[in-house]
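**Student:** Okay, structure incoming, though there's no sequence with it:
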Ligand SMILES: C=C(O[C@H]1C=CC=C(C(=O)O)[C@@H]1O)C(=O)O
């Protein structure tokens, strides 16, 4: 369906959101609490190297394109296919227990199938005319007891996202404020994060907000159109709902939303699952490091799956 954003319910939208978003209307909303056992997860020992050469080539193409033309940043991704015979509900249970700071979900709709994930990224939160979002980008592995050492590639990559969001929001929000960038832990990873707040202009609708923000350069690139085109032509698979967005629309009041970017996610089909991982490519990207980054991102779900019984 094409969303008007006046709907009330839970939305699940693909990367190309004009395409075929679905919405589940709320007949009943129930809440419950759970115990989070942070630190329960152990690391997977071995990661598959399948798909490495095509991904290195893709990243190299991205870097070359950036050095030659208009493109400044592009987020490139891949899909990891696995055998899957576990219970999706048990995976979800483990996700919420282990990633208390993430937005963990399990979603099913006949038109979409089953998806689950633990995303660290808020697309936008709006209540009573106040808007909150974040610029989240750049990744380093989390090592117990140490602080991340960010290089200039990561700092610039995240600054590009911040600049884009501020510019996009300046048309529809007043009093925009961005907090100082800080290191933010997301499972086994660190990211750079700046929180952004503002007051929604009374003439601006929820649709205007989503149009302004999605897709941010944290999942697409700069300029958006060129990056979108590069992704479509070169990635070699359809992202569908990965890097789309999901969450609550107008549940508490009209013009309220709590939407997240669909990252660290997995699609579940009979007997198989696909994990989606990507990273921001700039002129300073090193192909081998970008591969390792996607391997590290896949651990968000792989570390969970190894504990879920068959
Ligand atoms: C595109 C992904 O992450 C985004 C969010 C945080 C850090 C990112 C990065 O370091 O490239 C990505 O922009 C993903 O997890 O698949």
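**Tutor:** Alright, I've got the coordinates. Note that the coordinates shown come from a computational prediction; the quantities given were computed from them, not determined experimentally.
**Student:** The residue most central in space within the chain and the ligand, how far apart?
**Tutor:** In the chain, the centroid-proximal residue (Cα atoms, centre = their mean) is residue 263; its distance is 3.0 Å. Look at residue 263 and the ligand: by Cβ to the nearest ligand atom, to the nearest Å, they are 4 Å apart. In this view, the C-beta of every residue, glycine as well, is placed from N, C-alpha and C.
**Student:** try residue 219
**Tutor:** With Cβ to the nearest ligand atom as the criterion, residue 219 and the ligand are 5 Å apart.
**Student:** Equivalent analysis for residue 69, please.
**Tutor:** The spacing between residue 69 and the ligand, counted by Cβ to the nearest ligand atom, is 21 Å.
**Student:** now residue 140
**Tutor:** Distance from residue 140 to the ligand, counting by Cβ to the nearest ligand atom: 9 Å.
**Student:** Surely residue 158 is within a helix?
**Tutor:** Yes. With DSSP: H, G, I helix; E, B strand; the rest coil as the criterion, residue 158 is assigned to a helix.
**Student:** How about the contacts made by it?
**Tutor:** Listed by Cβ atoms under 8 Å, 6 or more residues apart in numbering, the contact set of residue 158 reads 135, 136, 137, 138, 181, 192, 193, 194.
**Student:** Now flag whichever of those is closest to residue 93.
**Tutor:** Using Cβ to Cβ, residue 136 is the member of those that sits closest to residue 93, with 25.6 Å.
**Student:** quick one: contacts for the closest one?
**Tutor:** By Cβ under 8 Å, 6+ apart, residue 136 lies in contact with 120, 121, 158, 161, 184, 191, 192, 193, 218.
**Student:** Contact residues of the stretch 101-250 of the chain facing the ligand?
**Tutor:** Contacts of the stretch 101-250 of the chain with the ligand, taken as Cβ under 6 Å from any ligand atom, map to 121, 136, 137, 138, 139, 191, 218, 219.
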